[in-house]
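A.B. asks: What would the 3D arrangement of this be:
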Amino acid sequence: MSAYKLKPLDSVWMMMETPDTPMHVGVLAIFRKPAKAGVNYTADLAAQLREAKAVAPWNCRVSGSLNRQLVEDDEFELDYHFRRSALPDPGGERELGRMVSRLHSNSLDRSRPLWEFHLVEGLENHRFAFYIKIHHTLVEAVNGVPALLSTLASNARARNVLPIWTTPLSASGAGGDLIEEFAGSGVEEAIESAGALGRAAVEMARGALQPAERNSFLFPRGTPRSTLNRRINAQRRFATQQIEQGRIEALAEATDSTVNEMLTYLMGSSLRRFFKEYNALPDESLVGMMPVSLQERGQHLAGNAIAGLRVSLGTHLGDPLARLESVKTSMQEVRQDRASLPEDAVTSYVMLRAAPLYASQVGALGRFIPPLYNLAVSNTPGAEKPLYFNGARLEAVYPMAQLMQHSALSVDCVSYNGHFNIGFTGARDTLPHLQRMAVYVGKALQDLEELVASGEVA
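C.D. replies: Next up is the predicted model:
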């Protein structure tokens with residue numbers, strides 16, 4: 001029997017999971033049926049998907065505690081993981097949002113392989129959707145999207161396109177090494193890494209109880225406590241926004257900004273308006289956490305990073321141009337911080353940066369830990385040209401993040417076919433009317449376009 005060894009940082013996601021903070025990520029992909037699709041198109045599609053054989057790691061369950069392995073599940077049932085659902089009338093974005101919000105709120109069963117795939121039919125305008133839920137142990141937060149996109153075809157005439165669970169581990173982006181019969185188990189590495197993180201977390205918790213102010217690598221100042229930093233439960237809300245990439249690029253050029261700076265500015269502007277409505281905007285700027293990725297620098301990151309870089313979103317500034325300049329300055333500091341990451345000892349470095357984050361998740365002690373950030377933010381490239389699944393054209397794809405205690409919001413963006421697709425994953429009880437936040441991104445974009453058109457931007 002084959003097994004996959006989980007790297008220490010992947011195992012940490014299992015350690016951090018609680019009933020209130022399930023550690024799975026999701027992907028929502030919306031497709032338009034082919035022009036000549038018959039009434040049985042989705043039924044035939046479901047039958048085809050049920051015939052596809054799952055390969056590792058999709059047919060593997062987690063085994064062990066410190067030395068966690070993915071082992072083949074002798075009782076694997078595809079019917080449990082692949083599910084077919086239908087939206088109630090009228091099958092609009094509201095009904096779809098409610099369904100995926102509910103699905104994303106439920107934890108995965110640890111006694112089974114840690115994923116689900118939902119075929120959602122009944123979406124208006126001749127469309128259907130995939131909602132995919134995968135434990136963070138298997139994929140990085142945004143890498144669920146590339147894993148799905150890699151299975152799609154670039155040709156509308158392609159048929160018999162295979163689903164994601166037919167893609168092996170090495171191609172799907174999961175962070176494990178194939179081993180046979182548990183050879184080279186790496187127990188010492190897992191124990192050492194988990195132990196180091198645990199000891200660091202306890203020390204962080206103890207230190208956080210002291211009244212003295214801190215401003216250090218581990219506990220930097222500048223993050224205000226906000227409504228986003230309350231304890232949360234497992235219930236989630238999900239909202240979406242899609243923006244033409246050309247509009248963002250035109251504004252970036254007009255304001256001497258990068259695309260990432262422009263997206264960050266729009267997020268900050270949306271958050272400022274949203275929290276002002278609820279009289280809950282802190283006097284200091286909200287701070288976003290961007291996930292660390294060393295793979296772009298030619299490094300093989302040892303598992304899924306659980307630390308990140310901080311960026312100020314300029315929410316404390318009412319003037320939009322001043323807010324944009326503040327974001328640009330903050331993003332420059334982020335680039336400098338990222339460039340300073342070490343070329344070696346990656347695992348221990350990421351563990352060190354993650355220690356206060358892990359400490360904030362430790363029971364009642366978490367409320368004493370100063371917040372490192374208010375929300376998570378990310379932007380990742382997707383695909384530049386349209387993709388298809390058995391002739392159905394992919395219209396939009398949205399990432400859905402996991403949430404941690406004391407961080408009730410994650411805003412994640414993926415580029416696809418000339419658009420930025422932005423997913424807002426929020427704690428249900430903390431963030432009512434989350435869709436307004438998505439709407440306000442569009443309004444912030446329009447407001448800045450009007451400023452540029454009026455000549456007020458030098």
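
A.B. asks: Pass me the low-pLDDT residue ranges in the stretch 1-150 of the chain, would you?
C.D. replies: For the stretch 1-150 of the chain, residues meeting the criterion pLDDT under 70 lie at 1-4, 8-9, 66, 140-143.

A.B. asks: which residues in it form helices?
C.D. replies: In the stretch 1-150 of the chain, the segments counted as helices under DSSP state H, counting those that start in this stretch are 8-16, 41-50, 78-81, 93-105, 144-149.

A.B. asks: what about the helices in the stretch 201-350 of the chain?
C.D. replies: When secondary structure is read from DSSP H, counting those that start in this stretch, the stretch 201-350 of the chain shows helices at 245-254, 259-277, 320-339, 346-359.

A.B. asks: Of the ones you listed, which is nearest Lys133?
C.D. replies: helix 346-359 (22.8 Å; C-beta to C-beta). C-beta coordinates here come from the backbone N, C-alpha and C atoms, glycine included.

A.B. asks: Same question for the helix or strand following the closest one: list its buried residues.
C.D. replies: Beyond helix 346-359 on the C-terminal side, the first helix or strand identified by DSSP states H and E is strand 375-383. Buried residues in strand 375-383, defined by neighbour count with 16 or more other C-beta atoms under 10 Å: Leu375, Ala376, Val377, Ser378, Asn379, Thr380, Gly382, Ala383.

A.B. asks: Could you say which of the helices of the stretch 201-350 of the chain is packed most deeply?
C.D. replies: For those, ranked by mean neighbour count under the definition mean count of other C-beta atoms under 10 Å, the leader is helix 259-277 at a mean of 23.

A.B. asks: and the angle from that one to helix 320-339?
C.D. replies: Going by axes from the mean of the first three to the mean of the last three C-alpha atoms, to 10 degrees, helix 259-277 is angled at 120 degrees with respect to helix 320-339.

A.B. asks: distance between helix 259-277 and the chain's centre?
C.D. replies: Helix 259-277 has its C-alpha centroid displaced from the chain centroid by 18 Å (C-alpha atoms, centre = their mean, to the nearest Å).

A.B. asks: Same check on stretch 269-278?
C.D. replies: Per C-alpha atoms, centre = their mean, the displacement of stretch 269-278 from the mean C-alpha position of its chain is 22 Å.

A.B. asks: Which residues outside that stretch are in contact with it?
C.D. replies: Stretch 269-278 is contacted from outside by 226-227, 281-282, 286, 313-315, 318, 320, 323, 375, 436-438, 440-441, 443-444, 447-448, using C-beta atoms under 8 Å, 6 or more residues apart in numbering.

A.B. asks: Now, the residues you listed that are in strands?
C.D. replies: Among these, the members falling in strands are Leu375 (criterion: DSSP state E).

A.B. asks: In a markdown table: the helices of the stretch 1-150 of the chain, plus distance to Met400.
C.D. replies: Conversion of the helices of the stretch 1-150 of the chain to a markdown table gives the following (distance: least, C-beta to C-beta, whole Å):
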| stretch | distance to Met400 |
| --- | --- |
| helix 8-16 | 16 |
| helix 41-50 | 20 |
| helix 78-81 | 17 |
| helix 93-105 | 6 |
| helix 144-149 | 8 |
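
A.B. asks: For those helices, give me TSV that also has mean neighbour count and distance to Val452.
C.D. replies: Converted to TSV, the helices of the stretch 1-150 of the chain look like this (neighbours: other C-beta atoms under 10 Å; distance: least, C-beta to C-beta, whole Å):
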stretch	mean neighbour count	distance to Val452
helix 8-16	22	42
helix 41-50	16	44
helix 78-81	14	48
helix 93-105	18	29
helix 144-149	23	31
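
A.B. asks: Phi, psi for Leu286 please.
C.D. replies: Its backbone dihedrals place Leu286 at phi -70, psi 150, with angles given as degrees, to the nearest 10.

A.B. asks: Run a quick check on it versus Asn229, I expect a contact.
C.D. replies: No: using C-beta atoms under 8 Å, Leu286 and Asn229 do not qualify as a contacting pair, with a distance of 10.1 Å.

A.B. asks: which residues do these two both contact?
C.D. replies: Applying C-beta under 8 Å, 6+ apart, one finds that Leu286 and Asn229 are jointly contacted by Asn374.

A.B. asks: Can you turn the buried part of the contacts of stretch 269-278 into a ChimeraX selection?
C.D. replies: Listed next is the ChimeraX selection for buried residues among these, using 16+ other C-beta under 10 Å:
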select :226,227,281,282,286,313,314,315,320,323,375,436,437,438,440,441,444,448
